[in-house]
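**Q** This is a predicted model, with the sequence first.
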Amino acid sequence: MPSIDDLSEREREILCLVTKGASNKQIAQELSISTNTVKVHLRNVFSKIEVATRTEAAMYAVSAGLVEPTSADGNEGIGVLRGKGEVASISTKILELSTRQRWAILILIVVAFIVVGLSALFLFRDQFFPSQVSGEQSPLGDTTRWEINASLPTARSGFAAAAHGGQIYAIAGESEEGVTDVVERYDPSLDQWITLTSKPVPVTDVKAAVIGGKIYVPGGRLKSGELTDVLEVYNPLDDIWEQSASLPFPIHAYALVAFEGNLYLFGGSNDTAYLDVVLTYDPALDEWNEQTPMPTARGYPGAVVSGNKIFVIGGFDGKKAQSVNEVYNPERENVQTDPWSEGTPMPDGRYGMGSVSIADIIYVLGGESGKDNKIQTLQYSSQEDEWRLFSSSDSETWAFLGLVPIETELFAVGGLLNNELTERNLSYKAIYTISLPLIR
């Protein structure tokens, strides 16, 4: 067995948190580091202890004595991180048990592994037997995973949706009364919406991204029909809005993500043409900068961070819906290397869809195609560069909605359903977790 002494203090901290079932995002929050830094540490840990999965890493941590099983109020669980010199021999403790006890432990362990194996095979069998984009649906799209939640109080489309602190924010957009300034927040734990301070400048065709606990909403279309270059920032803690540096020009119908503490804005329209522009905003400097343009000019695309890259998917070029999947690597910017590459296109062109990622799997829901055919709901593995189908809640046309991830769930809210405004609010369990007790 590799030595636990090969791990640094930070690597042992991360391994301990992995053993407790913490996600990369939870680890990053606990240790005040970025999720990308967590991924780098985990790769190093897995290499040093010669494991390939989080389960194997957790088993190693227990067997090496880095963590220990503890019992409180009759419940079994994972104990605390132990220092280098405090590694206990679990094998010695096992040998102290009677033969009957050891056999009981062995049987329970075997049964547990069988249950976990069968559950994993059922839930994620498309990972073992991939379904191609030919009409066969992935079991990840089992419609029993969809739930109907409390309706969005103000039915609207083109609004900015963001998740922060385990809650969903729906900002501005276009309602039956026209372009609105309404801001509403949904708490999944209570299944309740509340109304917050209105956005100072009502806009539609906008997106939102969260940096440092604040929600950034740039540009958009005004009530007058004109475009704006305003950047407004919402502080959920104080329920207040403020303005930051304006965009270089008015714009709407763009895609927006937060990456490594900066905003990245892709494409959109200035009402004269659809753009190939890439803009970055640095909150620390309060300034915008232009980056290497996209290969394909378009509006209403989706942009999703997966790993250390940004995938800019679909969109409308003024003539037709695009299926392109163009991959932007921010690390290649300003190093005399083209930061753009091509991924496998979507099986159909679309725009105005919802697109997010969970555990580096990209989910694309809804959108417009410009045709009468129904839009397929897709998932994309950035590592395999492969698209698969998974079933949606129904076969209706759903576009210009808000789609946000919270931990292992997707929340799809509002938008246009069969070209009519909707207040629907659905959630989809993208990943199931299984917890098993440790036995002493």
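**A** Received the coordinates, thanks. Bear in mind that the values here come from a model prediction, so they are computed numbers and not experimental data. Numbers count the residues shown, from 1 in each chain.

**Q** contacts and neighbour counts: CA atoms only from here.
**A** Fine.

**Q** Buried residues, stretch 220-233. List them.
**A** Judged by neighbour count (16 or more other C-alpha atoms under 10 Å), stretch 220-233 contains these buried residues: Gly220, Arg221, Leu222, Lys223, Leu227, Thr228, Asp229, Val230, Leu231, Glu232, Val233.

**Q** mind putting these in TSV, distance to Gly267 included?
**A** Shown next, in TSV, are the buried residues of stretch 220-233 (distance: C-alpha to C-alpha, whole Å):
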residue	distance to Gly267
Gly220	13
Arg221	15
Leu222	19
Lys223	22
Leu227	15
Thr228	15
Asp229	14
Val230	17
Leu231	16
Glu232	19
Val233	21
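
**Q** Report the two of these separated the most.
**A** Lys223 and Val233 (19.5 Å; C-alpha to C-alpha).

**Q** So which residues of the stretch 151-300 of the chain form strands?
**A** 160-164, 167-171, 174-175, 178-179, 183-187, 192-195, 209-211, 214-218, 231-235, 240-244, 255-259, 262-266, 278-282, 287-290 (DSSP state E, counting those that start in this stretch).

**Q** To which secondary structure element type does the nearest residue to Thr35 once chain neighbours are set aside belong?
**A** Of all residues not flanking Thr35 in the chain, Ala28 sits nearest, at 5.4 Å (C-alpha to C-alpha, 6 or more residues apart in numbering). In three-state terms, and counting by DSSP: H, G, I helix; E, B strand; the rest coil, Ala28 is helix.

**Q** got it, and Glu331?
**A** helix.

**Q** Count the neighbours of it for me.
**A** 11 (other C-alpha atoms under 10 Å).

**Q** list the contacts for it?
**A** For Glu331, the contacting residues are Pro339, by C-alpha atoms under 8 Å, 6 or more residues apart in numbering.

**Q** could the strands of the stretch 151-300 of the chain go into TSV alongside mean pLDDT and distance to Ile109?
**A** Formatted as TSV, these follow (pLDDT from 0 to 100; distance: least, C-alpha to C-alpha, whole Å):
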stretch	mean pLDDT	distance to Ile109
strand 160-164	97	39
strand 167-171	98	38
strand 174-175	98	56
strand 178-179	98	59
strand 183-187	97	38
strand 192-195	97	42
strand 209-211	97	43
strand 214-218	98	46
strand 231-235	98	49
strand 240-244	98	53
strand 255-259	97	42
strand 262-266	98	46
strand 278-282	98	51
strand 287-290	97	56
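
**Q** Tell me which of those strands lies nearest to Ala297.
**A** Across the strands of the stretch 151-300 of the chain, Ala297 has its closest neighbour in strand 262-266 (9.2 Å, C-alpha to C-alpha).

**Q** Need the residues that contact that closest one.
**A** 209, 211, 254-258, 276-283, 294, 301, 303, 312.

**Q** Name every strand pairing with that strand and say which way it goes.
**A** strand 255-259 (antiparallel), strand 278-282 (antiparallel) (DSSP bridges).

**Q** Could you report the neighbour count for the closest residue to Trp288 other than its chain neighbours?
**A** Spatial nearest neighbour of Trp288, chain neighbours left out: Tyr281 (4.4 Å); criterion: C-alpha to C-alpha, 6+ apart. By other C-alpha under 10 Å, the residues close to Tyr281 number 20.

**Q** Surely Tyr281 is in contact with Glu290?
**A** No - assessed by C-alpha atoms under 8 Å, Tyr281 is found out of contact with Glu290, at 9.1 Å.
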